[in-house]
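Chemist: Need coordinates for the following:
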Amino acid sequence: MRSAAGAVLSGLFVLVLFTVWLRYPIQLSLAIGAVFVVLFLLVAASIGTNPDEADAAWRAAAPDLLGRPPDTAEASSDRHEPDGA
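Modeler: Down below sits the predicted model:
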């Protein structure tokens, strides 16, 4: 319920911002606000109620992305540098 309230409040803020400050037509501002509410709710639903659980699921699904980037010395030795004068 907090996500829905937050989405509606932020959508109203976007509506007012686009209508009053940017002087968009009210219909366009309503559409932009509605899109923002839908995106807000999609993000809130994807995070779920327990962000730690979502993070653990992501780490389990993509363990190869957890490693550190290669050392700069190793990365530079892998590149071919032209012999040069």
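Chemist: Okay, residue 11 and residue 4: tell me how far apart.
Modeler: Distance, residue 11 to residue 4, using Cβ to Cβ, to the nearest Å: 10 Å. Backbone N, C-alpha and C define where each C-beta goes, glycine included.
Chemist: wait, residue 44
Modeler: 8 Å.
Chemist: Please identify which of those two sits among more neighbours.
Modeler: Between residue 44 and residue 4, residue 44 has the larger neighbour count (other Cβ atoms under 10 Å), namely 15 against 12.
Chemist: so the closest residue to the more buried one other than its chain neighbours is in which element?
Modeler: Counting by Cβ to Cβ, 6 or more residues apart in numbering, the nearest residue to residue 44 once its immediate chain neighbours are dropped is residue 3, at 3.8 Å. For residue 3, the host element (DSSP states H and E) is helix 2-16.
Chemist: Then residue 43?
Modeler: Going by DSSP H and E, residue 43 is in helix 26-47.
Chemist: got the contact list for residue 61?
Modeler: By Cβ atoms under 8 Å, 6 or more residues apart in numbering, the contact list for residue 61 is empty.
Chemist: Look at it and report its pLDDT.
Modeler: If you check residue 61, the pLDDT there is 86.
Chemist: again with residue 27
Modeler: 96.
Chemist: Distance-wise, check it relative to residue 41.
Modeler: The gap separating residue 27 from residue 41 is 22 Å, by Cβ to Cβ.
Chemist: Then residue 56?
Modeler: Residue 56 is 23 Å from residue 41, by Cβ to Cβ.
Chemist: And the two? Which one has more around it.
Modeler: residue 41 (16 against 11).
Chemist: contact partners of stretch 19-31?
Modeler: Residues from elsewhere that reach stretch 19-31, judged by Cβ under 8 Å, 6+ apart: 14, 15, 18, 32.
Chemist: which among those residues gets closest to residue 66?
Modeler: residue 14 (35.7 Å; Cβ to Cβ).
Chemist: And the pLDDT for the closest one?
Modeler: Predicted confidence (pLDDT) for residue 14: 95.
Chemist: got a list of what it touches?
Modeler: 29, 32, 33, 36.
Chemist: Of those - the most surrounded one?
Modeler: residue 33 leads the contacts of residue 14 on contacts (other Cβ under 10 Å) with 21 neighbours.
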